[in-house]
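J.: Sequence isn't available, so here's the structure alone:
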């Protein structure tokens, strides 16, 4: 039975989707069968990191949640589709499936207006793990705390909480850590993202770990190279020797 790993942040703009894509890809490059689900239904976008054109997306997580498709029809093999592009050859030979959310305005507004049965997520997650024989299913969650987030956290074998070295992030992370501990998530890790290079990373890692009494899996620097890449590529796969990429692999390990 594969494990569910949720990637979460209390606030938006922390680089959550970018890190999810990079951690999932790094795990697949270790020979694991990996799935990714974009449950950030109100602002989806992780598909862009794989160069997956939304015009080629027929079925999405939204279709599954509204009973229009089975969950397996919404899973796309990035190692077969996106990997066909010469610039994304780094995806070939690995096993990565993506379940995207719809980017269509009408379907996003429908979620806002009507909502959906959150319980279907739990069923769908376990179904796709079994159908694709996944080792890990990574969940790119919606920022903050809502019903979907609580479910994702509750059924996760592991939770990665991303924060920036910023006072508002510190306060929000405290809330998320408390929720995760109350839900007894087996493996809880923090990742500090966008840390200024002038910081002492070892001291920052120790201070945050002591503050929350949770292990810090890694501190990722604020990098011009990563910023320039934007959402064009899975950076760590394209630039494996970069300092940022090395830290991503350490976090994945």
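T.: Perfect, thanks for sending it. Values in this document were obtained by computation on a predicted structure and should not be read as measured data. Residues are numbered from 1 along each chain as shown.

J.: List the residues that contact residue 94.
T.: Counting by C-beta atoms under 8 Å, 6 or more residues apart in numbering, residue 94 makes contact with 25, 28, 29, 34, 79. The C-beta positions use only the backbone N, C-alpha and C, and glycine is treated the same way.

J.: Just the ones in strands from those residues, please.
T.: residue 34 (DSSP state E).

J.: Could you dump the contacts of residue 94 into TSV with pLDDT added?
T.: Converted to TSV, the contacts of residue 94 look like this (pLDDT from 0 to 100):
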residue	pLDDT
25	97
28	97
29	96
34	98
79	88
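
J.: ok, of the contacts of residue 94, which one's closest to residue 188?
T.: residue 34 (20.4 Å; C-beta to C-beta).

J.: Name the nearest residue to the closest one, sequence neighbours excluded.
T.: The shortest distance from residue 34 to any non-neighbouring residue, by C-beta to C-beta, 6 or more residues apart in numbering, is to residue 28 (4.3 Å).

J.: go on, residue 52?
T.: In space, residue 52 is closest to residue 82, 5.5 Å off (C-beta to C-beta, 6+ apart).

J.: Give me the neighbour count for that neighbour.
T.: Using other C-beta atoms under 10 Å, residue 82 has 24 other residues around it.

J.: so what's residue 164 up against?
T.: By C-beta under 8 Å, 6+ apart, the neighbours of residue 164 are 14, 192, 193, 194, 195.

J.: Now do residue 62, the pLDDT please.
T.: pLDDT recorded at residue 62 is 91.

J.: and it, what helix or strand is that in?
T.: According to DSSP states H and E, residue 62 maps onto helix 61-65.

J.: Just checking, which helix or strand of the chain averages the lowest pLDDT?
T.: Every helix and strand of the chain was ranked by mean pLDDT, DSSP states H and E. The lowest is helix 105-114, at a mean of 78.

J.: contact partners of it?
T.: Applying C-beta under 8 Å, 6+ apart, the set of residues contacting helix 105-114 from outside is 41, 42, 60, 62, 102.

J.: List the buried residues of the helix or strand following that helix.
T.: Sequence order places helix 119-132 as the next helix or strand after helix 105-114, per DSSP H and E. In terms of neighbour count (16 or more other C-beta atoms under 10 Å), helix 119-132 has its buried residues at 120, 121, 124, 125, 126, 128, 129, 132.

J.: which one of the contacts of residue 94 is nearest residue 50?
T.: Taking C-beta to C-beta as the measure, residue 50 lies nearest residue 25 of those, at 8.7 Å.

J.: tell me which element residue 226 falls in.
T.: Taking DSSP H and E as the criterion, residue 226 maps to helix 224-229.

J.: Can you get me the centre-to-centre distance for whichever helix or strand comes after that helix and its chain?
T.: Counting by DSSP H and E, the element after helix 224-229 in chain order, helix or strand, is helix 235-238. Computed by C-alpha atoms, centre = their mean, to the nearest Å, the chain-centroid distance of helix 235-238 equals 15 Å.

J.: Which residues does helix 235-238 contact?
T.: For helix 235-238, the external contacting residues (C-beta under 8 Å, 6+ apart) are 18, 22, 25-26, 29, 90-91, 225-226, 229, 242, 244-245, 248-249.
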